[in-house]
Structure formats: structure tokens, C-alpha cells
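[1] A structural model of the following input is requested.
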Amino acid sequence: MSRKQYTTKEVLRKVGISRTSLYSWLKMGKVPDVARDRNNFRLFTDDDVKKILGYKNLIKRP
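    Take a look at the predicted model:
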């Protein structure tokens with residue numbers, strides 16, 4: 001069974017963050033790095049998107 005996978009661009013739109021923020025969070029280890037395809041593009045799952053959204057919500061709290 002195939003799981004839905006998202007490109008970086010799709011994740012940025014879904015979560016509402018910039019590419020710079022996402023790459024920074026990945027580099028700092030705030031969100032786990034993800035699988036890559038044969039062309040070395042990142043492929044995000046629904047679980048990955050939830051983790052990124054969770055971190056975004058965590059840092060947005062007053």
C-alpha cells in the first residue's frame with residue numbers, strides 16, 4: 001500500500017512556512033530529516049507534516 005508523499009513545496013504550502021524556516025529547523029534538528037528519492041529530493045509523509053506543524057505551533061505560542 002502506497003502512502004501519500006509530499007514535496008517540499010507542497011509541505012511549505014500546507015504548513016504555511018518559508019523554505020528558509022523549514023531548512024533551518026531540519027538543520028537544527030527541530031524536526032527530523034526525511035527520506036529522499038533517487039534524485040535526492042525530500043519526500044515528506046503525513047506524519048512528517050504533522051511534526052513540522054506541531055513545531056510551528058509550539059514556537060508560535062505566546
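
[2] Identify the residue nearest residue 17 in space, chain neighbours excluded?
    residue 56 (6.0 Å; Cβ to Cβ, 6 or more residues apart in numbering). The C-beta positions use only the backbone N, C-alpha and C, and glycine is treated the same way.

[3] Can you give me the neighbour number for the one you found?
    17 (other Cβ atoms under 10 Å).

[4] and it, how far is that from residue 23?
    Counting by Cβ to Cβ, to the nearest Å, the gap from residue 56 to residue 23 is 14 Å.

[5] between those two, what contacts are shared?
    Counting by Cβ atoms under 8 Å, 6 or more residues apart in numbering, residue 56 and residue 23 have no common neighbour.

[6] surely the residue nearest to residue 17 meets residue 15?
    Yes: using Cβ atoms under 8 Å, residue 56 makes contact with residue 15 at a distance of 6.0 Å.

[7] shared neighbours, those two?
    With Cβ under 8 Å, 6+ apart, residue 56 and residue 15 have no common neighbours.

[8] Report all helices and strands that the helix or strand encompassing residue 22 contacts.
    Using DSSP states H and E, residue 22 maps to helix 19-28. When contacts are defined as 3 or more Cβ pairs under 8 Å, 6 or more residues apart in numbering; DSSP states H and E, helix 19-28 sits against helix 8-15, helix 46-60.
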